[in-house]
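Enquirer: Below are the sequence and a predicted model; questions follow.
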Amino acid sequence: MDNLETFRSWVKDSKRIVFFGGAGVSTESGIPDFRSVDGLYNQKYSYPPEMILSHSFFMNNPTEFYRFYRDKILIDGVEPNITHKKLAELEAAGKLTAVVTQNIDGLHQKAGSKTVYEVHGTVAKNYCTHCHKFFTGDEVRDLIDESPLKLPTCDNCGGLIKPDVVLYEEGLDDEVWSMSVKHISEADMLIVGGTSLVVYPAAGLINYYHGNRLVLINKSETPYDKEANLVLHMGLGEVFGSLEV
Ligand code: ZN
């Protein structure tokens, strides 16, 4: 049996699959991994992405934050790809208990997944920093979609709106974290995909898995390759596209 066949047979035999995913899940939907800083970023922005996406930067330079956020994070018109769709099908078939994701784009829910733990938050939720009024991602997009960029402010009190994404220097949500740990520790198969497993603490989640079907799907090597029961150095679309649910 080759690796892909082994993967498919394990999926077939498992009943409590958890998928833990990173940026590679969404790159096939056209969302760039902002951590892969290329010349384009360097030309267009005066600061590295990790600095722009930090709490202190948001507080001190909200306009520059939102310029990056609008161009690179809150991307309009993106759709779920085959990986998102197959994961939603696995959940609907009663085989997958949860998706845990480092992505903030909301594409798993858009594909139909119900139980999704977004450890780094989501662009779909936004709150006024003053009165905590809620705004959707589309509402924020409409507010900032002007040239020159206009800061999104609350129609209730005039306060600045902040996306409910976990910025650098900010802690993870306790509830989301503990539910992610619970699902992973109870899983009979853990599929880790599209993440190089170098961003902590999220990457440490895989240590909570205690079964013998740990599958890593990533185009390049990760620090966990040796610990996995199966490693597929392939694109996620190729792997999930071959899956019959
Ligand atoms: Zn407000």
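Expert: Received, thanks.
Enquirer: What helix or strand is Val100 located in?
Expert: Here Val100 sits within strand 96-101, counting by DSSP states H and E.
Enquirer: Show me what that strand is packed against.
Expert: strand 17-21, helix 82-92, strand 116-118, helix 174-185 (3 or more Cβ pairs under 8 Å, 6 or more residues apart in numbering; DSSP states H and E). (Glycine included, C-beta is placed from N, CA and C.)
Enquirer: out of the ones you listed, which comes closest to Asn229?
Expert: Smallest distance to Asn229 across the helices and strands packed on strand 96-101 (Cβ to Cβ): 13.6 Å, for strand 17-21.
Enquirer: With only the CA atoms kept, save that closest one in PDB.
Expert: This file holds the C-alpha atoms of strand 17-21, laid out as PDB (Å, rounded to 0.1, in the frame of the first residue of the first chain):
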ATOM      1  CA  ILE A  17     -10.900  12.300  13.300                       C
ATOM      2  CA  VAL A  18      -9.600  15.700  14.200                       C
ATOM      3  CA  PHE A  19      -8.000  17.900  11.600                       C
ATOM      4  CA  PHE A  20      -5.500  20.500  12.700                       C
ATOM      5  CA  GLY A  21      -4.600  22.900   9.900                       C
END
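Enquirer: all helices for this protein, in order.
Expert: For the chain, the helices defined by DSSP state H occupy 3-13, 24-27, 39-44, 49-52, 55-60, 62-68, 82-92, 107-111, 137-144, 174-185, 236-241.
Enquirer: Can you flag the weakest of those helices by average pLDDT?
Expert: Mean pLDDT is lowest for helix 39-44 among the helices of the chain, at a mean of 54.
Enquirer: still on that earlier bit, what's the most buried one of the helices and strands packed on strand 96-101?
Expert: Among the helices and strands packed on strand 96-101, ranked by average contacts under mean count of other Cβ atoms under 10 Å, first place goes to strand 17-21 (a mean of 27).
Enquirer: Hmm, Ala111 and Ala88 touching each other?
Expert: Yes - Ala88 lies in contact with Ala111 (Cβ atoms under 8 Å); the separation is 4.5 Å.
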